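K.L.:
Sequence and predicted model, in that order:
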Amino acid sequence: MTSSPASGTYIPSRRPRRLRTSPVMRNFTAETDLNPNRFVLPMFIADHENSASAEPTPISSLPGVVQHTEDSLLTAIEEAIEAGVAAVDLFGVPLPEDKDATGTAGIAEDGVLNKALARARKEFGDDVLIIADTCLDEFTDHGHCGVLSTDRWGHTIIDNDATLDSYAAMAVAQAEAGAHIVSPSGMMDGQVRRIREALDAAGHQDVSIMAYSAKYASAFYGPFREAVGSSLEGDRRQYQQDARNLRESLLETQLDIDEGADIVMVKPAMPYLDVLREVAEMSTVPVAAYQVSGEYAMISAAAERGWLDREACILESLTGIARAGADIILTYWATEAAKLLSR
Ligand code: PBG
């Protein structure tokens with residue numbers, strides 16, 4: 001006899017709903033945990049001409065995110081630490097007149113980013129991981145992630161190997177300033193090995209490399225370009241990946257691991273969750289995912305109109321990224337999400 005009554009009505013005996021009966025039960029059986037110990041807060045530090053009187057500058061396409069002054073940066077880092085956030089990732093915004101063809105201000109000890117790294121490390125020691133963005137685009141007057149040259153036919157190209165010298169110098173300067181982790185985001189071939197060699201030669205064996213391994217040429221970086229006052233005209237398709245490719249991400253990731261990456265990254269997150277899943281499956285080092293400016297802007301804008309529940313969408317979007325396989329998540333909501341999770 002089956003458990004069905006004579007009428008033939010089917011009564012399920014397997015009932016997945018049993019594990020959904022109460023919040024405690026749902027937490028008890030959840031497959032994914034969001035943990036602020038794995039959050040990174042990306043932050044912008046701007047050179048303000050009159051630093052004494054300067055105020056943080058809002059970024060209109062990223063409501064709630066600002067270009068910090070050194071003082072407001074320290075306050076915001078402290079708030080992040082108190083909320084439980086593990087790491088901050090600093091991006092520099094130099095004065096337009098300090099940009100040049102090779103991004104000198106990104107390497108100079110007194111450049112806006114290196115000064116902020118030094119101050120933050122001095123202030124917070126090892127209470128938070130200080131990550132430095134290791135890329136030239138904020139510091140070049142043409143806005144590209146590398147230095148330019150011309151090929152035999154007179155076309156402008158982003159010169160891969162010449163750029164590696166700059167990245168090596170930049171990473172060493174960031175390590176000297178106090179970064180725990182340097183983070184090459186320019187998608188030049190061989191960047192991880194060159195940076196590792198340069199760091200080791202300078203005595204920075206303990207500084208880690210978080211490599212942007214699978215970084216796509218994405219329209220979702222739009223608001224970031226405002227955030228850093230980007231000078232870019234054109235696009236980055238000569239060096240960032242094509243959205244149509246997944247296998248290529250596995251190659252990029254394997255190369256970065258072989259070159260010495262301590263952490264690899266997939267970016268953006270939401271339109272590339274399939275890539276994230278496959279990278280997480282093949283990687284032998286921790287995997288980060290970057291919820292980029294456009295992902296933040298979409299949810300913020302819809303929530304401002306009352307079309308989405310902001311806090312619920314923040315947590316759901318981060319949960320999706322974690323479920324897809326991210327160990328570490330970079331998000332402009334790091335502090336806020338950490339607070340939401342502790343409620
Ligand atoms: C470039 C860089 C970009 C972002 C992080 N690093 C922009 C780009 O590649 O054009 C985008 C981050 C975001 O959109 O939040 N070094």
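P.N.:
Perfect, I can see it now. Numbering: from 1, shown residues only.

K.L.:
Show me what counts as buried in the longest helix belonging to the chain.
P.N.:
Longest helix in the chain by number of residues (criterion: DSSP state H): helix 160-177. By 16 or more other Cβ atoms under 10 Å, the buried positions in helix 160-177 come out as 160, 163-164, 166-177. From N, CA and C alone the C-beta is placed, and that goes for glycine too.

K.L.:
what does the chain have sitting close to the ligand?
P.N.:
Cys135, Asp137, Cys145, Ser185, Tyr221, Phe224, Arg236, Val292, Ser293 (Cβ under 6 Å from any ligand atom).

K.L.:
Do I have it right that the second one meets Ile158?
P.N.:
No - taking contacts as Cβ atoms under 8 Å, Asp137 lies outside contact range of Ile158: 10.3 Å.

K.L.:
Name the residues contacting each of these two.
P.N.:
Taking Cβ atoms under 8 Å, 6 or more residues apart in numbering as the contact rule, Asp137 and Ile158 both touch His144, Cys145.

K.L.:
Looking at these two, which is more packed in?
P.N.:
Taking other Cβ atoms under 10 Å, Asp137 and Ile158 do not tie; Asp137 has more neighbours (23 against 20).

K.L.:
Restrict the longest helix of the chain to CA atoms and write it as PDB.
P.N.:
Once non-C-alpha atoms are left out, helix 160-177 reads as follows in PDB (Å, rounded to 0.1, in the frame of the first residue of the first chain):
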ATOM      1  CA  ASN A 160      52.000  45.700 -22.700                       C
ATOM      2  CA  ASP A 161      55.700  45.200 -21.900                       C
ATOM      3  CA  ALA A 162      56.500  48.900 -21.300                       C
ATOM      4  CA  THR A 163      53.600  49.100 -18.900                       C
ATOM      5  CA  LEU A 164      54.900  46.200 -16.800                       C
ATOM      6  CA  ASP A 165      57.900  48.400 -15.700                       C
ATOM      7  CA  SER A 166      55.500  51.000 -14.400                       C
ATOM      8  CA  TYR A 167      53.300  48.400 -12.600                       C
ATOM      9  CA  ALA A 168      56.400  46.900 -10.900                       C
ATOM     10  CA  ALA A 169      57.500  50.400  -9.700                       C
ATOM     11  CA  MET A 170      54.000  51.200  -8.600                       C
ATOM     12  CA  ALA A 171      53.500  48.000  -6.700                       C
ATOM     13  CA  VAL A 172      56.800  48.500  -4.900                       C
ATOM     14  CA  ALA A 173      55.900  52.100  -4.000                       C
ATOM     15  CA  GLN A 174      52.500  50.900  -2.600                       C
ATOM     16  CA  ALA A 175      54.200  48.200  -0.600                       C
ATOM     17  CA  GLU A 176      56.700  50.800   0.800                       C
ATOM     18  CA  ALA A 177      53.700  53.000   1.700                       C
END
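
K.L.:
what's it packed up against?
P.N.:
Helices and strands touching helix 160-177, as assessed by 3 or more Cβ pairs under 8 Å, 6 or more residues apart in numbering; DSSP states H and E, comprise helix 112-124, strand 129-134, strand 181-184, helix 191-201.

K.L.:
Buried residues in the last one, which are they?
P.N.:
By that I understand helix 191-201. Gln191, Val192, Arg193, Arg194, Ile195, Arg196, Ala198, Leu199.

K.L.:
Could you point out which of those is nearest to the ligand?
P.N.:
Relative to the ligand, the closest of the buried residues of helix 191-201 is Gln191; by Cβ to the nearest ligand atom it sits at 11.7 Å.

K.L.:
thought that closest one was touching Val182?
P.N.:
No - using Cβ under 8 Å as the test, Gln191 is too far from Val182 to be in contact (10.4 Å).

K.L.:
Any regions of the stretch 1-150 of the chain where pLDDT drops low?
P.N.:
Scanning the stretch 1-150 of the chain for pLDDT under 70 picks out 1-6, 51-52.

K.L.:
and the residue of it nearest the ligand?
P.N.:
Taking Cβ to the nearest ligand atom, the stretch 1-150 of the chain has Cys135 as its residue nearest the ligand, at 3.6 Å.

K.L.:
and what of the stretch 101-250 of the chain?
P.N.:
Phe224 (3.2 Å).

K.L.:
What sits closest to that residue if chain neighbours are left out?
P.N.:
Closest residue to Phe224 apart from its sequence neighbours, by Cβ to Cβ, 6 or more residues apart in numbering: Ser293 at 4.0 Å.

K.L.:
what about that neighbour, how many residues close to it?
P.N.:
Neighbours around Ser293, by other Cβ under 10 Å: 25.

K.L.:
ok, now which ones touch it?
P.N.:
Ser61, Leu62, Phe220, Tyr221, Gly222, Pro223, Phe224, Ala227, Tyr332.

K.L.:
just those: which has the poorest pLDDT?
P.N.:
Minimum pLDDT for these is recorded at Ala227 (90).

K.L.:
Next, give phi and psi for the residue nearest to it when sequence neighbours are not counted.
P.N.:
The spatially closest residue to Ala227, leaving aside those adjacent along the chain, is Ile59, at 4.7 Å (Cβ to Cβ, 6+ apart). Dihedral pair for Ile59: phi -110, psi 110, per degrees, to the nearest 10.
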